[in-house]
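Novice: got a sequence here, can you build the structure:
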Amino acid sequence: MLGLIITVAVVVVIALFVGGIYNSLVALRNRFKNAFAQIDVQLKRRYDLIPNLVETAKSYMKHERETLEAVVNARNQAAAAGKAAAANPGNPAAMQQLLGAEGALAGAMSKLMLVVEQYPDLKANQTMSQLMEELTSTENKVAFSRQAFNDAVMHYNTACEKFPAVMLAGAFGFQPAALFEITDVQERVAPKVSF
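Specialist: This is a model prediction of the structure:
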């Protein structure tokens with residue numbers, strides 16, 4: 001009888017221990033998914049600002065059609081990649097696709113800003129100034145959200161790799177999550193925005 005009680009007690013302790021590890025990993029995974037959702041909100045805001053910026057610039061930049069089209073195309077590709085990454089923020093391939101699309105968008109926006117410099121009337125336009133101010137604010141929020149996401153991913157990945165969770169993480173389907181990091185050196189160069 002005593003042996004049965006000890007066996008049941010050991011099984012209960014092990015079950016509670018495994019359940020605690022599982023619940024901890026679930027909480028950390030949900031935290032990094034929430035952090036990506038915050039990035040997604042800011043990226044959506046940026047994607048919504050870009051068409052307004054392009055429309056404002058169109059009337060002044062009639063001969064710069066290619067530049068404007070490049071910005072719109074890059075924005076659309078980045079938005080599509082953002083949706084794919086939002087569906088599974090832990091997927092390294094989706095994150096890599098988003099990073100590539102974001103890099104292309106940053107390049108197109110950089111070219112647009114260089115062209116805007118050539119149009120003094122456009123630079124002085126109040127709507128353009130407000131849009132650029134909102135875009136700058138959004139870029140700061142995106143950077144902050146990326147940092148929070150990467151912190152959450154780091155905590156999650158660390159928890160998955162620590163003993164004893166490392167023995168259970170794979171069995172329960174907890175795969176390493178990808179950081180939202182810039183791998184292309186050109187993407188690290190901030191676009192020049194001045195008025």
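
Novice: any idea which helix or strand in the chain has the lowest mean pLDDT?
Specialist: Lowest on mean pLDDT, DSSP states H and E among the helices and strands of the chain sits helix 120-124, with a mean of 73.

Novice: and the helix or strand that comes right after it, what's its mean pLDDT?
Specialist: Downstream of helix 120-124, the next assigned helix or strand under DSSP states H and E is helix 126-161. Computed over helix 126-161, the mean pLDDT rounds to 87.

Novice: list the buried residues of helix 126-161.
Specialist: Using 16 or more other CB atoms under 10 Å as the test for burial, helix 126-161 gives 128, 131-132, 134-135, 138-139, 141-142, 145-146, 148-150, 152-153, 156-157, 159-160. (Glycine included, C-beta is placed from N, CA and C.)

Novice: tell me the gap between it and the middle of its chain.
Specialist: Chain-centre distance of helix 126-161: 7 Å, with CA atoms, centre = their mean, to the nearest Å.

Novice: same for that helix, what does it pack against?
Specialist: With contacts defined as 3 or more CB pairs under 8 Å, 6 or more residues apart in numbering; DSSP states H and E, the packing partners of helix 126-161 are helix 2-58, helix 165-169.

Novice: can I get those helices in JSON lines including distance to A108 and mean pLDDT?
Specialist: Converted to JSON lines, the helices and strands packed on helix 126-161 look like this (distance: least, CB to CB, whole Å; pLDDT from 0 to 100):
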{"stretch": "helix 2-58", "distance to A108": "9", "mean pLDDT": "89"}
{"stretch": "helix 165-169", "distance to A108": "40", "mean pLDDT": "88"}
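
Novice: which one of these lies nearest to L105?
Specialist: Of all the helices and strands packed on helix 126-161, helix 2-58 sits nearest to L105, with 8.1 Å by CB to CB.

Novice: does M154 really touch L179, like I thought?
Specialist: Yes - M154 lies in contact with L179 (CB atoms under 8 Å); the separation is 7.4 Å.

Novice: and V185, what pLDDT?
Specialist: On the pLDDT scale, V185 gets 50.

Novice: nearest residue to the spatially most central residue of the chain in space, please, no chain neighbours.
Specialist: In the chain, the C-alpha nearest the mean C-alpha coordinate belongs to I39, at 4.7 Å (CA atoms, centre = their mean). In space, and not counting its chain neighbours, I39 is closest to S145: 4.2 Å by CB to CB, 6 or more residues apart in numbering.
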